[in-house]
Structures are given as structure tokens and as C-alpha cells.
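Undergrad: Predicted coordinates and the sequence they were generated for:
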Amino acid sequence: MWAFCFILLTSYATLSECKAAAGKRHDVRHFPDGFLFGTSTAAYQIEGAWDEDGKSENIWDHLTHEDPCATKDCSNGDIADDSYHQYKRDVEMLRELGLDFYRFSLSWSRLLPTSFPDKINEAGVAYYNNLINEMLKYNIEPMVTLYHWDLPQKLQDLGGWANPNIVDWFGDYARIAFELFGDRVKYWITMNEPREVCYQGYGFVSMAPRLNIQGVAEYMCAKNLLVAHARAYHIYDEEFRALYGGTIGITLSTSWYEPESEREVEAAEDTTQFEWGQYAHPIFSESGDFPPVMKEKIAAKSTAQGFYRSRLPEFTPEEIEYVRGSSDFFGLNHYTSYLVYRNESVYTANEIPSYYDDMESMVYQPNHWDGSASEWLKKTSWGFYNLLMKIKNDYNNPIIYITENGFSTTSGLDDDDRILYYREYLDAMLDAIEGGAHVEAYTAWSLMDNFEWLAGYTARFGLYEVDFGSPERTRTPRKSAFVYKEIVRSRSLDWHYESDSTSMTIDEGH
Ligand code: PNW
């Protein structure tokens, strides 16, 4: 059916027409037994209280204070959703939705104000203890991300992820988190989206720390970040797993790259290897290490450009072994797809070296794909199916947790476009499960509107709308919240379900 849909799509039909034509959207489809549903957020995007109770500065505090209009609406996360004070309301919303788990992240600089283990901030520990305990009271499992982009500024001053010492710094932080919360937290995620950390933050300017050291810094970051991830994995595996019996892995940002035509199959595959194979291959492939195509292309270009060694750092044989297999599951954040074509002269001379010049391909999204409030996000659920099947086939069918998937709108409670997005993507995910992909959990991004990085508060991803003008940051369920609640309650996807409720209740048992 997906091949059929893709032919239709490329001839300018909408995906909904395509699904209707295939006759599938009228079925009620059930999720497998034991399948888990959650929602996700991240510390800097929701907590606020940026300098309260002993928290120190992180790279997003630093960027937004130094350059207030770096963000589209000149905003910052100083208060954000004020979850530092409103966490009980957050848990109440999880209960309203009837969720199995909640994915949130820890703020390194809230827990360790010096960045190092010499001082633990008790107020920060109390905040996360309160949140975790409040969730567990209602049988909502915490899924905790250790690093979701908010590096302590002091570590950035020391080079951040470009400094190999970060393997020790991150390992120390991870051990403290396991010691503090490991008795109650059974799902751990080391890193959120290394590609966005390294490419956007070190190679480019679209995320803090906006280094823009193209073709060099993003690869230094990638290597150190992967080894640091593996350090946290091995610490958990060796020191905590037997005691607490939890699970730990990494979350990658993964788009689907579709060849623009049959001639572009190789270009699309190369792009995939650069964009997320860079992080998946060292961990999930049998051989480990960076993808061969990256090693070859970057080494050859580096020599031709006058470098004395490849701009892509090498792993030692010990590091290859250390990183290989260091994830119990494939955490997958997925939003959208791109078309790809080969272009061997992507940039002009003064932009060489660069990541895209190394990749020798261009990616883009046709205008007729359904857009969102974020210019990079178009609704393409056929790509989600293809992606899940590729991961199954390329990496020996790993356990997959979808750790983020969602759609942005502008403000407003009537979000039929978000509802359609969720339904189509869940439908595609069920197709992949039927096709043998080992998907065990799904996480909607996001529980509520929050600070969307350089887009500020202009792109809203929430199932709940947040009133950023009110002191309590009042949260109100959107239409999509009622639909998601029904999906979770019934453990099924019913295209006919409609809700005219405007107020949420908490069902028995939550
Ligand atoms: C993710 N892309 O970021 C992050 O994990 C969240 O913090 C963020 O709020 C959410 O998705 C929505 O943007 C992404 O360009 C940023 O493909 C950019 C991309 C993907 C994910």
C-alpha cells in the first residue's frame, strides 16, 4: 500500500486522499498487548526557574541572555512553562491522558551547579524527587533523559562536546543521576538527538552554542558524544543494572530521506548515513565505527583540502568495541521526510569544508507537502513506515521506542491538523509493526506548548495549550488531547472517534 501511496503522493495527491483510496482509514486498528504510551518534554523547554535555588547557567541561558533576539520572538526559557513550580499540574495532565509513562529530562546545571560531582544541589534533587514520586503515586513510569541540550556553560567554556574530557564529566554526572534516582527510574536515555547537538550547535548556528565551525567541530562533537554516551551506558550496566533492573539507551533524530528519482538512490543512502547513520552505525551495526561512506568521503576531501588528517576523528579499536552495542533500545525521534539529490558542488569555495559539502547531496521538501508551524516539518507518514522498516532491516531488528513524534501549530485549541498527523503516523507505525518492526513504545511530543529553541514560543507542539501570559502558565487541553486520551484508553486507533468535550476528567485507576 505504501508504494501505491507514494506514487499518488508524488502526483500531488494528499496523504489523506491516498489513505482513503487504500480504504484503510475506516478500520479500527489495535495496538499490541503491552504497548506503552507517553508524552515528552525537556528541562530547558519547560522548567523555568533558571537561576532559582542554586541552579547555575547553561548554554541556553547564556545564549538567550547574551543575544535576546537570537530567538524568533526575542524570548527565552527563564520562566517557560514554570514546571519547576507547576509540576503537580503536569502530573495531573499525565493522569488526565491516562499515560503509561512520561519522558522528561534532568537539568545538569540544576543538579550539579559546578558541573562536577563536588557539589550536589539539594533543591534540584528535591525537585526531581518530588516529580518522580508524584508520578509513581499514579503508576506513571518516569523515562529520564540525562542530556537534552542544556550543557552547563562552564563546560562549554572548556570546549563542551569538542573536549574529550567530557567523557569523564558526563560519566560522573550520569553516575550521580543513577545513584539519586535509579531506585525509581527504570527507563534511561543518555542523550537526546546527537545530530542536532553536534551539527546544529557546533557545525552550524541554529542551536546553542552556535559555533559555526563547519566540517570540523560537528565531527569532533560526534565522536566525543558517542564515547560519553557509551561511558554512561557501561556505568549503568556494570554498577546499577543488577540492582535496579532498568533499561538504558540513546535517542537519535531520524528523518526519512527519499531519493528524488531512481538515479538518486545512492545520494539518499549517503545522506541517511551522514544524518543519522553517523550515530546509529557505531552503536547498532555489527561492525561498529562511523559509516564507511563517511570515513571515505571525509578522508579524501580532507587530504585534497590540505588537512594533515581526516576531519572525521578516528575511533581506536577499543573505543569501537566500547560504543558498539551500547544501547538496549533504539530511541527514535521522528517528525518528517526529505527528498534528496546528488550535488557535488554544494557550496561555494568559502564554505568548504562543510558537512553538506562532505555529503555531496541536497535535501528539500516540496511545497505541496502538508506543512506545520515549523518550516522543516511536513506531514509525510509514509516516510515513518519506510524509516521503521529500514531500521529493522539494517540493524537486526532492534527494540524501538518512539521517544518523540508530533506536529506544530500556532495557538488555538482546535487542532484538527495535529489530530490528523497523529492518526496518520500511528497508522504508519502499526503498518511497520505488522511488517515485523519491534516498536514497543510511542511518545507524543509534546505534553504541552513550550520553548521551541530558536523558534521561541511561535511553534506550538502541545497536546495542552499553555497561556504564556498568565502567571501560572495555565494549561488547557486541545482537541488532540482528547483524541490521544481515547487512543491510549482504548489501545486502538479509530478514525471515527470525535470528542466534543472541553473539560478533562481523570479516569479510575489514574
Ligand atoms: C526535537 N529537524 O528537535 C527535540 O528533541 C525537541 O526538543 C524539539 O522541541 C522537538 O523536536 C520539536 O522541534 C528537533 O530539523 C529539531 O529535523 C529539529 C529537527 C528535528 C527534531
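TA: Structure's in. What do you need?
Undergrad: phi, psi of the residue nearest to residue 151 when sequence neighbours are not counted?
TA: Spatially, and ignoring its direct neighbours in sequence, residue 151 is nearest to residue 59 (4.9 Å; C-beta to C-beta, 6 or more residues apart in numbering). For every residue, glycine as well, the C-beta is placed using N, CA and C. Main-chain torsions, residue 59, degrees, to the nearest 10: phi -70, psi -20.
Undergrad: Wait, residue 59 touches residue 150, no?
TA: Yes - using C-beta atoms under 8 Å, residue 59 is in contact with residue 150, at 6.6 Å.
Undergrad: picking that back up, quick one: contacts for the residue nearest to residue 151?
TA: For residue 59, the contact set (C-beta atoms under 8 Å, 6 or more residues apart in numbering) comprises 149, 150, 151, 152, 153, 156, 160, 208, 209.
Undergrad: Which pLDDT value belongs to it?
TA: Looking at residue 59, its pLDDT reads 99.
Undergrad: now it: how far from residue 207?
TA: For residue 59, the distance to residue 207 (C-beta to C-beta, to the nearest Å) stands at 9 Å.
Undergrad: beta partners of the residue minimising distance to the centre of the chain?
TA: In the chain, the centroid-proximal residue (C-alpha atoms, centre = their mean) is residue 333; its distance is 4.2 Å. On the basis of DSSP bridges, residue 333 takes part in beta bridges with residue 253, residue 404.
Undergrad: What distance separates the opening and closing residues of stretch 446-456?
TA: Criterion C-alpha to C-alpha, to the nearest Å; first-to-last residue distance in stretch 446-456 is 15 Å.
Undergrad: can you map out the strands along the stretch 151-300 of the chain?
TA: 187-192, 247-253, 256-259 (DSSP state E, counting those that start in this stretch).
Undergrad: what would these look like in TSV with distance to the ligand?
TA: As requested, these are exported to TSV (distance: least, C-beta to the nearest ligand atom, whole Å):
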stretch	distance to the ligand
strand 187-192	5
strand 247-253	5
strand 256-259	11
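Undergrad: do you know which of the ones you listed lies nearest residue 87?
TA: strand 187-192 (18.5 Å; C-beta to C-beta).
Undergrad: quick one: contacts for the residue of the stretch 301-450 of the chain found nearest the ligand?
TA: Closest to the ligand within the stretch 301-450 of the chain is residue 376: 4.3 Å, counting by C-beta to the nearest ligand atom. Counting by C-beta under 8 Å, 6+ apart, residue 376 touches 335, 336, 365.
Undergrad: Just to check, the residue nearest to the centre of the chain is in contact with residue 255?
TA: No - Residue 333 is beyond contact range of residue 255, at 9.6 Å (criterion: C-beta under 8 Å).
Undergrad: Between those two, which contacts overlap?
TA: In contact with both residue 333 and residue 255: no residue, using C-beta under 8 Å, 6+ apart.
Undergrad: Residue 104: which element?
TA: Applying DSSP states H and E as the criterion places residue 104 in strand 101-105.
Undergrad: before we move on, back to that, quick check: the farthest pair among the contacts of residue 59?
TA: 149 and 153, at 12.8 Å, using C-beta to C-beta across the contacts of residue 59.
Undergrad: Disregarding residues adjacent in the polypeptide, which is nearest to residue 355?
TA: Per C-beta to C-beta, 6+ apart, closest to residue 355 is residue 203, 5.1 Å.
Undergrad: Kindly report the residues of the stretch 351-500 of the chain close to the ligand.
TA: 376, 404, 445, 452, 461 (C-beta under 6 Å from any ligand atom).
Undergrad: Then residue 433 would be within a strand, right?
TA: No - looking at residue 433 with DSSP: H, G, I helix; E, B strand; the rest coil, it is helix, so not inside a strand.
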